[in-house]
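J.: Just the structure for this:
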Amino acid sequence: MSTTHVDLVQPPRIALVVEDSRAMRRVLRSALAAAGWSVVEAGDGAQALNLLDDGLRPDVVLVDRHLPVLDGLGVVRAVRSVEALRGLPVLMVTSESETWQVVRALAEGADEYLLKPFTADGLHSKLALLGLGPVTAP
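T.: Below is the predicted model:
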């Protein structure tokens, strides 16, 4: 009796990184790519919403609090207002450390909050809390 072995290749997870700082986008892209993620970048909140409106369906959105055109809270509110996107995990990545800022972001619909500066391990831990652990190699 012969057995057939089938390798199922898991497509890379997609992260939408919404950050106006090119340097911070590079840091996030590097940390995510090292863990097997594919990264799509947006430099402001409006650009992120345009990508989502055009059909991008990432596995997670990492969004800065302070952005030009539309800030991070506006992005969170917009994502939560669209039925098809309500379950999309949103991680607020910001330097705002005051308790009321964290509470406000979570109340608006962010799922987790990561303070800058952060380590790659810290980022991966937050993703794991969202059920987005390491991407497995094929």
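J.: what's the pLDDT at the closest residue to D44 other than its chain neighbours?
T.: In space, and not counting its chain neighbours, D44 is closest to V69: 4.2 Å by Cβ to Cβ, 6 or more residues apart in numbering. (Glycine included, C-beta is placed from N, CA and C.) What the model reports as pLDDT for V69 is 95.
J.: V69 against G45, yeah?
T.: Yes - in this structure, V69 is within contact of G45 by Cβ atoms under 8 Å, at 5.8 Å.
J.: List the residues that are in contact with both of the two.
T.: With Cβ atoms under 8 Å, 6 or more residues apart in numbering applied, the contact sets of V69 and G45 do not overlap.
J.: Counting neighbours, go ahead and name the busier of the two.
T.: G45 (23 against 13; other Cβ atoms under 10 Å).
J.: Retrieve the pLDDT associated with that one.
T.: 98.
J.: I'd like the numbering to begin with 774 instead of 1 from here.
T.: Got it, the first residue is 774 from now on, which makes the last one we talked about G818.
J.: Run through the residues that contact it.
T.: Per Cβ under 8 Å, 6+ apart, neighbours of G818: 791, 836, 840-845, 847-848, 851.
J.: can we see that at 6 Å?
T.: Counting by Cβ atoms under 6 Å, 6 or more residues apart in numbering, G818 makes contact with 840, 842-843, 847-848.
J.: Thanks a lot, catch you later.
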